[in-house]
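Trainee: Sequence unavailable; structure follows:
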C-alpha cells in the first residue's frame, strides 16, 4: 500500500495495488513517512475502505473536519480499550470524531447543553464515565476549551455505544430501561442499591446483559428446569421479577422467558438476603 496522505503519525490514507483507497490506523505507522512511501501492512490495526459504508463516512469526515479531531478521537479510543481490556466498535472512530467536532462548534456558539442521563451513566457505567472524564480532559487540553461533567457523560455514552456496537439512541434507551428496572426493584424491596456493593454489581451485570439482549432483538431463552423450585422458594423476589416482566412487556413488547425470570429472581433474592444480613444486629 502506498501513502496518499499522512493524517498523523498513526493514521494515513493509502492506495492499494488495485487503486482502492483506504484509511488505515496503526501506532506510529506513519512516523517519518511522506506521500508515495510504502507502509508496513503488518502494523495496521484498523482499516476502512472507501467503498464500504464506514469508509465512505470516514473519508467524508476527514475531508470536512480538522485532522486533530480524528487524532484526539483515536487517542481516546486507545485509552478506553486499554482500560476496558476490549476492542471497541469500528464505528466509534466515526461517531466520536464527529461528536468532538460538534462539541467544538457548540462551544464556539456558547452552547454547553446538560445531559439528562448524567447521573444514570455515572451510576451504572462508572468505568465508562471515568473514561468520559479523561476524554473531556484530552479534548479540553488539545483545543483550549473547558468541558463540564455533562459533556463527560455524553462522551461516556459513546464509549458504552462502542462496547455494545449499538446506535447511540439504543444506548440511551438501554440506560433508561435499566434505570426504570432499578427503580422497580428499589420500590418493592425498600432497598437503595449502592452500586459499589458487590451484590448490586452482580445484579447490574445481569441487567446490562438482559437489556442488551432485549435492545438487540435476541430471542428469549428456553424455560429453566429450576423455575418452579426457585419461584416457590423465593416468593417475594419472584413477585418483584414478575413486576419487571409486566413493565418490560408493556413498554417494549418483549416477553421475558421463564429462564430469564429464574435468574432475575435469584439475583433479587441475593439482594434481599444481603440487605437482611446487613441489618441484622
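Mentor: The structure has been received and is ready for your questions. Values in this document were obtained by computation on a predicted structure and should not be read as measured data. Numbers count the residues shown, from 1 in each chain.
Trainee: where's residue 262, which helix or strand?
Mentor: For residue 262, the host element (DSSP states H and E) is helix 258-278.
Trainee: Look at residue 22 and tell me its secondary structure.
Mentor: Following DSSP: H, G, I helix; E, B strand; the rest coil, the label given to residue 22 is strand.
Trainee: Hmm, it is touching residue 41, no?
Mentor: No. Contact criterion CB atoms under 8 Å: residue 22 and residue 41 do not qualify, at 10.4 Å. For every residue, glycine as well, the C-beta is placed using N, CA and C.
Trainee: what residues are shared contacts of the two?
Mentor: residue 1 (CB atoms under 8 Å, 6 or more residues apart in numbering).
Trainee: for this protein, which residue is closest to the average position?
Mentor: Against the mean C-alpha coordinate of the chain, by CA atoms, centre = their mean, the closest residue is residue 160 at 0.8 Å.
Trainee: Which pLDDT value belongs to that residue?
Mentor: The model reports residue 160 with a pLDDT of 90.
Trainee: now residue 105
Mentor: Residue 105 is given a pLDDT of 87.
Trainee: check which helix or strand covers the residue nearest to the centre of the chain.
Mentor: Element membership for residue 160 (DSSP H and E) is helix 149-164.
Trainee: What helices and strands are in contact with that helix?
Mentor: Secondary-structure packing of helix 149-164 (3 or more CB pairs under 8 Å, 6 or more residues apart in numbering; DSSP states H and E): helix 67-84, helix 91-108, helix 118-124, helix 126-143, helix 168-189.
Trainee: make it 10 Å
Mentor: helix 67-84, helix 91-108, helix 118-124, helix 126-143, helix 168-189, helix 198-216 (3 or more CB pairs under 10 Å, 6 or more residues apart in numbering; DSSP states H and E).
Trainee: which sections of this structure are below the confidence cut-off?
Mentor: For the chain, the stretches with pLDDT under 70 are 50-56, 59, 166-168, 218-224, 278-281.
Trainee: okay, the angle between the helix holding residue 262 and helix 168-189?
Mentor: 50 degrees (axes from the mean of the first three to the mean of the last three CA atoms, to 10 degrees).
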